[in-house]
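Chemist: from the sequence below, what's the structure:
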Amino acid sequence: MKRTGSAKNVAMGMAIGAAAAAVGVGLMNTNKRQLKKTANKAMKTMGSLVNDVSSMMR
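Modeler: As a prediction, this is how the structure comes out:
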């Protein structure tokens with residue numbers, strides 16, 4: 001059975017949306033150091049989520 005990449009695309013879209021939301025919330029704060037930390041944390045979390053989802057699809 002051939003699998004399509006739709007689940008991977010949904011996970012990638014969720015990751016990008018969450019990262020964009022984290023950056024948007026960070027922009028409301030005036031502390032640039034906190035923004036960098038929050039954005040970095042969000043990107044690492046979403047990266048691990050995408051890796052986990054893609055490994056489940058194999």
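Chemist: now the strands for this structure?
Modeler: Per DSSP state E, the chain carries no strands over any range.
Chemist: show me where the chain has helices.
Modeler: 6-28, 32-57 (DSSP state H).
Chemist: would you reformat these as JSON lines and include mean neighbour count and mean pLDDT?
Modeler: For the C-beta atoms, the positions are set from N, CA and C on the backbone; glycine is no exception. JSON lines is the format used below for the helices of the chain (neighbours: other C-beta atoms under 10 Å; pLDDT from 0 to 100):
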{"stretch": "helix 6-28", "mean neighbour count": "13", "mean pLDDT": "75"}
{"stretch": "helix 32-57", "mean neighbour count": "13", "mean pLDDT": "80"}
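Chemist: how much space separates residue 58 from residue 8?
Modeler: 11 Å (C-beta to C-beta, to the nearest Å).
Chemist: which ones are touching residue 47?
Modeler: residue 15 (C-beta atoms under 8 Å, 6 or more residues apart in numbering).
Chemist: name the nearest residue to residue 45, sequence neighbours excluded.
Modeler: Distances taken as C-beta to C-beta, 6 or more residues apart in numbering place residue 18 nearest to residue 45, at 7.8 Å, with adjacent residues excluded.
Chemist: look up how far residue 56 lies from the one you found.
Modeler: 18 Å.
Chemist: what residues does stretch 15-25 touch?
Modeler: Contacts of stretch 15-25 (C-beta under 8 Å, 6+ apart): 35, 38-39, 41-43, 45-47, 49-50.
Chemist: switch the cut-off to 10 Å
Modeler: Contact with stretch 15-25 is made by 35, 38-50, 53, as judged by C-beta atoms under 10 Å, 6 or more residues apart in numbering.
Chemist: which single one of those is nearest to residue 12?
Modeler: residue 50 (6.2 Å; C-beta to C-beta).
Chemist: ok, the closest one touching residue 12?
Modeler: Yes: proximity of residue 50 to residue 12 meets the contact threshold set by C-beta atoms under 10 Å, at 6.2 Å.
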